[in-house]
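Visitor: what follows is a predicted protein model with its sequence.
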Amino acid sequence: MTTHSVFTGLKVLDASTYIAGPAAATMLSDFGADVVKIEPPGQGDPQRRLSFVPPSPRAEANYGWHLANRNKRGMVIDLKSQATTEVLKRLVEWADVVITNFPHGTREKLHLGYDQVSSWNPRIVYADLTGFGDAGPDARQPGFDLTAFWSRSGLLASTRDAGAPPTVPVWGSGDYTSAVAIYGAIVTALYRRELTGEGTSVGTSLLATGVWATGTLVAGALAGGTPFELHDRTAPVNALTNPYRTADGRWFMLATSSLHWPGLARAVGRPELLEDPRFADAEALVKNAAAVSEVLDAEFRSQSFAHWKDALDRERITFSLIQTPEEAAQDPQLRANDIVVPLEGVSDLKETISSPINLRGVPKVAAKRAPDLGEHNDEVLAELGFSPADVVRLRSQGAIPGAPEEEAA
């Protein structure tokens, strides 16, 4: 049975690669949009191979491809061929939304610039993603989430301990964060189109979303604020927001405040700390943060995490076990809230991750496998009005690859 949802009937042309743009299109598909993804001949979108590139976890299934491209139809067309322009034009006329991440200059050569796309379809919502924005000296510089989102924004420099060099963050995390921003821009533009009848061009950059993610620190810098030194766990600025290790080797993040200091002192079995003048108030707790950290370190190392979970829960102290991705994948909270959902159509992959947008009472479309390379070429071309003879001509002109049996041969 087909699920009707918010975007049932909305048509999306996904002309983007890698993660952020395709993941934004997937979020639209979660709510019923018909997404056609176009890929170049040969190996297609490089995202098809990223699950097998270190440091991606080793697995038989192409989990990354299905995560960012589920519920789509797939086409292979050669945008570099002039014969492809008529196919692209009909796709744009068919679509409500076009998503691309081709660099400025390249997109125009491929007939995917906003001026040309909007001349074919004035009601189009055109969404693009760049590394560093539309203007400035680096506007045409290629960017990945590790460079534009993490490194350039100030985020990576700030997410390490004192004395430690920068490390490689979880790659793709900046892309998936940026996908939410692209999705937000698209739905904002769709609402505007409902009000005005006009299409528009929207977008974001990895740099913009990275700076937004680092917003507290960058806004503080704009205010001329004095930054604290990098975090030192044994001498933190705030010992009540700090990671601690338990007797069984588990780490957890404590994230509380001076208001909850009495409850924390009771939880660790040290109520006499409330009489210690070093810890008398919020100012004293900050001034003597190293001493607080030393006390808490010793106490937390004396018992297992299970013990501390019960003790901290009783006092309603905010904390969380620092889970590995493997532990997170098995966390029952994810399935209880449909964060992890079943995936249909992949023999060696039974589940995937749902997008973080939810409308209570509105079901999402069941997650189905991402398309094989060029799987829906003939189907979509027929819907666009191309006859069998047209398809033969397009193949002979190099606009689309040969028939599947010819490709296999």
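Guide: Good, I have the coordinates.

Visitor: helices of the stretch 201-350 of the chain, start to end?
Guide: Applying DSSP state H, counting those that start in this stretch to the stretch 201-350 of the chain gives helices spanning 206-213, 215-222, 261-267, 282-287, 289-300, 305-314, 325-329, 332-336.

Visitor: kindly reformat those helices as a markdown table containing mean pLDDT and mean neighbour count.
Guide: Where you see a C-beta, it was placed from the backbone N, CA and C, and this is true even at glycine. A markdown table is the format used below for the helices of the stretch 201-350 of the chain (pLDDT from 0 to 100; neighbours: other Cβ atoms under 10 Å):
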| stretch | mean pLDDT | mean neighbour count |
| --- | --- | --- |
| helix 206-213 | 98 | 22 |
| helix 215-222 | 97 | 13 |
| helix 261-267 | 98 | 19 |
| helix 282-287 | 95 | 14 |
| helix 289-300 | 97 | 18 |
| helix 305-314 | 98 | 16 |
| helix 325-329 | 97 | 10 |
| helix 332-336 | 97 | 11 |
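
Visitor: below-threshold pLDDT in the chain: ranges please.
Guide: 1-3, 403-409 (pLDDT under 70).

Visitor: remind me, longest helix of it?
Guide: Assignment by DSSP state H gives helix 173-196 as the longest helix of the chain.

Visitor: now the helices of the stretch 201-350 of the chain in TSV, with distance to Ile400?
Guide: Below are these laid out as TSV (distance: least, Cβ to Cβ, whole Å):
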stretch	distance to Ile400
helix 206-213	31
helix 215-222	45
helix 261-267	65
helix 282-287	65
helix 289-300	62
helix 305-314	57
helix 325-329	39
helix 332-336	40
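
Visitor: Asn358: which of the ones you listed is closest?
Guide: Ranking the helices of the stretch 201-350 of the chain by proximity to Asn358 (Cβ to Cβ) places helix 332-336 first, at 13.1 Å.

Visitor: ok, and what's touching the closest one?
Guide: Residues from elsewhere that reach helix 332-336, judged by Cβ atoms under 8 Å, 6 or more residues apart in numbering: Ala328, Ile339, Val340.

Visitor: quick check, central residue of this structure?
Guide: Tyr176 (1.0 Å; Cα atoms, centre = their mean).

Visitor: state the helix or strand in which the residue nearest to that one when sequence neighbours are not counted lies.
Guide: Leaving aside its sequence neighbours, Tyr176 sits nearest to Ala23 (Cβ to Cβ, 6 or more residues apart in numbering; 5.8 Å). Per DSSP states H and E: Ala23 is located in helix 20-30.

Visitor: name the residues that touch that helix?
Guide: 5, 7, 10, 12, 14, 16, 33, 35, 37, 45, 47, 67-72, 97, 99-101, 127-129, 145, 175-176, 178-180, 182-183, 186, 206, 354-355, 357, 364-365, 367.

Visitor: got the contact list for Arg152?
Guide: Contact analysis of Arg152 by Cβ under 8 Å, 6+ apart lists Phe132, Gly143, Leu207, Gly210.

Visitor: next, Thr318: phi, psi?
Guide: Per-residue torsions, Thr318: phi -80, psi 130 (degrees, to the nearest 10).

Visitor: Ser257 versus that one, what's the distance?
Guide: Distance, Thr318 to Ser257, by Cβ to Cβ, to the nearest Å: 9 Å.

Visitor: which residues do those two both contact?
Guide: Counting by Cβ under 8 Å, 6+ apart, Thr318 and Ser257 have no contacts in common.

Visitor: ok, now how distant is the residue nearest to the centre of the chain from Thr209?
Guide: Taken as Cβ to Cβ, the span from Tyr176 to Thr209 is 10 Å.

Visitor: please enumerate the strands of the stretch 51-200 of the chain.
Guide: Taking DSSP state E, counting those that start in this stretch as the criterion, the stretch 51-200 of the chain carries its strands at 72-76, 97-100, 125-130, 200-205.

Visitor: so which elements touch the third one?
Guide: Here strand 125-130 touches helix 20-30, strand 97-100, helix 114-120, helix 173-196, strand 200-205, going by 3 or more Cβ pairs under 8 Å, 6 or more residues apart in numbering; DSSP states H and E.

Visitor: go on, the first one?
Guide: Other helices and strands packing on strand 72-76, by 3+ Cβ pairs under 8 Å, 6+ apart, are helix 20-30, strand 34-39, helix 377-383.

Visitor: now those in JSON lines, with mean neighbour count and distance to Ala290?
Guide: JSON lines is the format used below for these (neighbours: other Cβ atoms under 10 Å; distance: least, Cβ to Cβ, whole Å):
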{"stretch": "helix 20-30", "mean neighbour count": "28", "distance to Ala290": "41"}
{"stretch": "strand 34-39", "mean neighbour count": "24", "distance to Ala290": "54"}
{"stretch": "helix 377-383", "mean neighbour count": "17", "distance to Ala290": "64"}
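
Visitor: from the contacts of helix 332-336, pick the one nearest Ala280.
Guide: Ala328 (39.0 Å).

Visitor: how many residues are close by Phe149?
Guide: Neighbour count for Phe149, taken as other Cβ atoms under 10 Å: 30.

Visitor: so who does it touch?
Guide: Here Phe149 is in contact with Gly143, Leu155, Gly174, Asp175, Thr177, Ser178, Leu206, Leu207, Thr209, Gly210, Ala213 (Cβ under 8 Å, 6+ apart).

Visitor: if I look at it, how far off is Asp161?
Guide: 21 Å.

Visitor: returning to that earlier point: ok, the contacts of Phe149 vs Pro243, which is closest?
Guide: Distances from Pro243 to the contacts of Phe149, taken by Cβ to Cβ, are shortest for Leu155, at 18.7 Å.
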